[in-house]
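>>> got a predicted structure here, sequence first:
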Amino acid sequence: MATAGSLGVIIPPSIPFVTYGVVTGVSIGSLFIAGIIPGLVIGLCLMGYAFFYAKIHGEDRKKISEKVRSLRSGGFLSLFRESFWALLTPVIILGGIYSGIVTPTEAAAVSVFYALLVCLFIYKSLTIREMGTVLRDTVKSYAPIVVLLSLAIVFGRVLSLLQAPVALRDFILSNFAGNKYIFLIALNVILLVLGMFMDVGPAIAILAPMMLASATALGVDPIHLGIIMVVNLAIGMATPPFGVDLFVAAPLVNEQVMKVGIKAIPFIIAFIVALFFITFIPQMSLLFL
C-alpha cells in the first residue's frame with residue numbers, strides 16, 4: 001500500500017503535474033492525459049509482483065473467502081449504491097477537464113466543494129463542527145507549499161536572467177555528446193536519489209525549469225520529461241530511509257518505518273521496471289496527445 005500510494009501523484013488529477021505545468025508553461029491538461037498509461041503500467045507491474053509473491057509464499061485463502069462472501073452478500077447493486085458518489089469524483093474532475101468545461105485549476109476547486117458536500121450530507125463522515133479543524137489543518141499543510149512554489153517561480157526567473165538553464169544545457173550537450181539516452185539514464189539516477197530526500201513539489205519546482213532546456217535540446221518532449229520527473233520522485237516517496245509513504249503506512253500496521261521500507265524494496269524494483277519502459281518508450285506518455 002505504501003508503494004502503490006505513489007500512484008496518486010501519477011494518475012490524474014495530480015498536484016505535481018500542476019506544479020510542473022506552472023513552472024514550465026507546459027499544458028496541465030496534456031500532462032494529466034499523459035499520466036494515464038504510465039500509471040496503468042506501474043499498477044500492472046506492482047500487481048505482477050504481488051501475484052508472484054502470493055504464488056510463492058501462499059495466501060490466506062480463508063480470510064480472502066470471508067471478505068469476498070461479505071462483499072457478495074449485499075449484491076452488486078448495493079455496493080454500487082454505496083460507492084456511487086465517491087466514484088463520481090474522478091468522473092467530474094476528468095470529464096470536466098477533457099470536455100473543456102473547466103480548467104485543471106477550476107476542476108480542483110470543483111472537486112473540493114463536491115467532496116465536501118458528499119462528506120457532509122451523503123456519507124456524513126464529516127460534521128459542520130469539524131470543519132474548522134479540517135480547514136486549519138489544510139492551511140497548515142498547503143500554505144508552505146504555496147510559498148515555496150511562489151519562491152520557486154521567482155528563482156526560476158532569476159535563473160533565466162542569469163542564463164543558468166542555457167549554461168546547464170550547453171554543459172550537458174558537451175558532456176553527453178548529444179546522446180539523449182545517456183542523458184535520460186543520468187536524469188533518472190539523479191532524480192531517484194533526490195526523491196529519497198526531497199518532497200515531490202519542491203524538487204519539481206526547482207529542477208524542472210533547469211532541466212527543460214537541456215531535455216528539449218536533446219529531443220525529449222517537455223510532457224514526456226514531466227512524466228519521467230514525477231514518476232522518479234514518486235518512487236522516492238516509498239523509498240527508505242525518508243520516503244513519506246513509509247511514515248504514513250508504518251503506524252497503521254504498528255511496525256518500524258525501516259521494516260516496512262525493507263518489505264517495500266521488491267515493489268520499488270517493480271516500480272523501477274515500469275520507469276524503464278516509461279522513460280525509453282515515450283509513446284506510452286504521448287499516445288493520446
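Happy to help now that I have it.
>>> now do residue 117, the pLDDT please.
Looking at residue 117, its pLDDT is 91.
>>> now do residue 152
Value for residue 152, per-residue pLDDT: 65.
>>> same thing with residue 177?
Looking at residue 177, the pLDDT reads 60.
>>> next, give phi and psi for residue 240.
phi -60, psi 150 (degrees, to the nearest 10).
>>> does it touch residue 246 like I think?
Yes - counting by CB atoms under 8 Å, residue 240 does reach residue 246; the two are 6.6 Å apart. Using the backbone N, CA and C atoms, a C-beta is placed for each residue, glycine as well.
>>> out of those two, which sits in the more crowded spot?
residue 246 (26 against 16; other CB atoms under 10 Å).
>>> ok now do residue 200, which residues does it touch?
Contacts for residue 200 (CB atoms under 8 Å, 6 or more residues apart in numbering) come out as 9, 16, 19, 230, 233-234, 236-237.
>>> closest to residue 91 among these?
residue 9 (20.0 Å; CB to CB).
>>> could you check how far the closest one is from residue 229?
According to CB to CB, to the nearest Å, residue 9 and residue 229 sit 11 Å apart.
>>> so the two - more neighbours on which side?
residue 229 (26 against 23).
>>> ok, residue 235 touching residue 271?
Yes - the pair residue 235 / residue 271 is scored as a contact, 5.1 Å apart, by CB under 8 Å.
>>> touching both of the two, which residues are there?
Taking CB under 8 Å, 6+ apart as the contact rule, residue 235 and residue 271 both touch residue 6.
>>> what are the ranges of the helices in the stretch 101-250 of the chain?
With DSSP state H, counting those that start in this stretch, the ranges of helices along the stretch 101-250 of the chain come out as 104-117, 131-161, 164-175, 180-195, 200-217, 222-236, 244-252.
>>> dump those to TSV, plus distance to residue 267.
Shown next, in TSV, are those (distance: least, CB to CB, whole Å):
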stretch	distance to residue 267
helix 104-117	28
helix 131-161	26
helix 164-175	32
helix 180-195	15
helix 200-217	18
helix 222-236	10
helix 244-252	11
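>>> quickly list what's touching both of residue 240 and residue 246.
257, 261, 264.
>>> residues in contact with the helix or strand harbouring residue 19?
Element membership of residue 19 [criterion: DSSP states H and E] is helix 15-24. Helix 15-24 has contacts (CB under 8 Å, 6+ apart) with 9, 26-28, 31-32, 35, 104-105, 108, 149, 152-153, 156, 200-201, 204-205, 208-209, 212, 222, 226, 229-230, 233-234.
>>> one more time with 6 Å
9, 28, 31, 156, 200-201, 204-205, 208-209, 212, 226, 230 (CB atoms under 6 Å, 6 or more residues apart in numbering).
>>> do the same with stretch 73-91
Stretch 73-91 is contacted from outside by 118, 122, using CB under 6 Å, 6+ apart.
>>> buried set for that stretch?
Buried residues in stretch 73-91, defined by neighbour count with 16 or more other CB atoms under 10 Å: residue 85.
>>> got the CA positions of that stretch in PDB?
Extracted in PDB, the C-alpha atoms of stretch 73-91 (Å, rounded to 0.1, in the frame of the first residue of the first chain):
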ATOM      1  CA  SER A  73     -23.800 -10.800   0.400                       C
ATOM      2  CA  GLY A  74     -25.100  -7.300  -0.300                       C
ATOM      3  CA  GLY A  75     -25.100  -7.800  -4.000                       C
ATOM      4  CA  PHE A  76     -23.500  -5.700  -6.700                       C
ATOM      5  CA  LEU A  77     -26.200  -3.000  -6.800                       C
ATOM      6  CA  SER A  78     -25.900  -2.400  -3.000                       C
ATOM      7  CA  LEU A  79     -22.100  -2.000  -3.300                       C
ATOM      8  CA  PHE A  80     -22.500   0.300  -6.300                       C
ATOM      9  CA  ARG A  81     -25.000   2.500  -4.500                       C
ATOM     10  CA  GLU A  82     -22.700   2.800  -1.500                       C
ATOM     11  CA  SER A  83     -19.700   3.800  -3.700                       C
ATOM     12  CA  PHE A  84     -21.500   5.700  -6.500                       C
ATOM     13  CA  TRP A  85     -21.000   9.300  -5.100                       C
ATOM     14  CA  ALA A  86     -17.300   8.600  -4.400                       C
ATOM     15  CA  LEU A  87     -16.700   7.100  -7.900                       C
ATOM     16  CA  LEU A  88     -18.400  10.100  -9.400                       C
ATOM     17  CA  THR A  89     -15.500  12.400  -8.200                       C
ATOM     18  CA  PRO A  90     -12.900  11.400 -10.800                       C
ATOM     19  CA  VAL A  91     -15.600  11.400 -13.500                       C
END
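>>> nothing else from me, thank you.
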